[in-house]
Structure formats: C-alpha cells, structure tokens
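>>> Sequence isn't available, so here's the structure alone:
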C-alpha cells in the first residue's frame, strides 16, 4: 500500500524531531550541571581550620577549634560555592582515613563522587614538625638569650630528614586518596605561609623567642616542608598554591595589620603561631587567583 505523501512528510518530521531531542538532552544535562553551585569540600589542619580565630564554627567539634573566618569560608562566600568544611586543628594525614577525635569523622568521609573542588593544608603536624621545632627552638632560644643557633646545633637535619622519610609519602598518599574519592574534583593543596622572616629582626625575640642563628634554620625547615608538599601535588595532578611570595613580609615578627601569622607570645589569636583573620583572607585570595575562581 502506498503511503500518502503528507503522511510520509509528517513521519519524517517526527523522526527528525525525536533525533534533535535526543541530541539536545545531553547538552541540556551538561548545562544544568555547569549551572549548579560548586560543591566544595575543605580538608586539612589548623591552618585550614583557622584555629585560634573567632568566631568558632558551631557545626564543628570544639576540639577542632574551627573558625567561620577560615579561608574555606571566605572562599565559599566569594565564589558562591556550597561548602562542606571538614577541617580540624591538629590534623595529620592519618586523620583523613581515621577519626581524629571522638565524634569527628575521618575527613575523607566528606568527599563525594560529584565533589567539584577540594582544598587543604596538611603535613605540618606529621612527625610533630611544626610543634616540635617551635618548642625546641623556642626553649633553647630563651635559654641562650637569643644568641647563637642552639636549636640547629641540637637537632641538625632531624626535622628535614623526618619530612623526607615520612611527611612526603604521607602527603602524596593523602592526595591520592582524595583523588580516588572525588576523581572529578579540582584539588588544591596550599603551602604554609611564612612564620619567620629570612633573618632575625630587631625586637622579634620578645614575641618569637628564637635565637638569631635559628631563625634561618626554621625558615629553611619550612621551605623544605613546602617543597615536598609541592612535589606531592605535582606527582598527583593536584594544584599547589604557593604562598611564599605572597606571604613574604607578613610573618609573625611583623606588627598587627601587616602580619598574617600570629607570634608565640602577645598575639591576638588564642592559638599562637597560626594565621590570623587577615592571613586566612589572603590565603583564600591566593587560592582564588591560582584556580581562576
């Protein structure tokens, strides 16, 4: 039976219309995904948590001392991202897969397959790198009345050796674990902003009791830590956010309003030797600039 020409034209139009709808559906789905708010998860230690800055985040354990003025909150407010903040003061790489405190979930639990962005600082607490070095150098500096390099003399390459042997592989493993949980996410790991200047400065010993010869020693230690974090980032396809140039001249020896990190004594934070609100805001600024957010 011969099909009338008008019916053939109608059928062809329907087939063409269905084909166009089929092609348009993935494009529309892609547009809807692109149009939604960025799903942002913040991981990491006290430098990410903003520990020591008020106000505290009421959704976090008090043991984490997490601030609502930390760089993840600042970044989320700037970009409109939907933030899940899992940062916690004192975190080590082991706390990504295990519970750091009772009632505090492993940080990796915050990640999802559809997470878009992950930021973190991690590694400074592994081996007690920061706390052990600051305590050792501060104690020996006070005993020496700020003269010589007693901390370097006592510890030599101990801290950097521990970073190479333990911190580097752990940071790399942590970044790989993040990638495995959220394979489509952009992952940005921040270096630590400068705690001390390159050389001793007049008046700094009062607030940072580090002997003159140990100021460059601690600065070199932090340089080494940041370098292995950058290496781990490069080897895992993560973005390293370098704060060395940006934080130069904003160390703990500088006055209020200039410094990004508070000193050990007479600072404004209730947790010393950590970024203040200005420092956290500047860290958010660097992440935004590095990622083009």
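Right, received. Where do you want to start? Quick caveat, the model's predicted, so the values are computed rather than measured.
>>> now residue 100: how far from residue 176?
In this view, residue 100 and residue 176 are 20 Å apart by CB to CB, to the nearest Å. In this view, the C-beta of every residue, glycine as well, is placed from N, C-alpha and C.
>>> Now residue 277. Nearest residue, chain neighbours left out?
residue 69 (4.8 Å; CB to CB, 6 or more residues apart in numbering).
>>> Kindly indicate whether that neighbour is helix, strand or coil.
coil (DSSP: H, G, I helix; E, B strand; the rest coil).
>>> contacting residues for it?
Contacts for residue 69 (CB atoms under 8 Å, 6 or more residues apart in numbering) come out as 50, 53-55, 277, 280-281.
>>> Most neighbours of all those, which one?
residue 50 (32 neighbours; other CB atoms under 10 Å).
>>> Hmm, residue 71 and that one touching each other?
Yes - with contact defined as CB atoms under 8 Å, residue 50 reaches residue 71; the gap is 7.0 Å.
>>> overlap in contacts of the two?
Common neighbours of residue 50 and residue 71 (CB under 8 Å, 6+ apart) are residue 280.
>>> So which residues of the stretch 151-293 of the chain form helices?
Assigned by DSSP state H, counting those that start in this stretch, the stretch 151-293 of the chain shows helices spanning 158-162, 168-181, 214-235, 244-247, 277-291.
>>> Output these in CSV, with mean pLDDT appended to each entry.
Formatted as CSV, the helices of the stretch 151-293 of the chain follow (pLDDT from 0 to 100):
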stretch, mean pLDDT
helix 158-162, 95
helix 168-181, 98
helix 214-235, 97
helix 244-247, 98
helix 277-291, 98
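>>> Need those in a markdown table (columns: distance to residue 152).
As requested, the helices of the stretch 151-293 of the chain are exported to a markdown table (distance: least, CB to CB, whole Å):
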| stretch | distance to residue 152 |
| --- | --- |
| helix 158-162 | 10 |
| helix 168-181 | 22 |
| helix 214-235 | 4 |
| helix 244-247 | 21 |
| helix 277-291 | 27 |
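>>> out of those, nearest to residue 81?
Checking these against residue 81 by CB to CB gives helix 277-291 as the closest, at 10.7 Å.
>>> What lies in contact with the closest one?
Here helix 277-291 makes contact (CB under 8 Å, 6+ apart) with 47, 50, 53, 67, 69-72, 74-75, 78-79, 117, 119, 186, 188, 190, 193, 239, 241-243, 246-247, 250, 257, 259-261, 275, 293.
>>> And it, what's buried?
Within helix 277-291, the residues that qualify as buried are 277-284, 286-288, counting by 16 or more other CB atoms under 10 Å.
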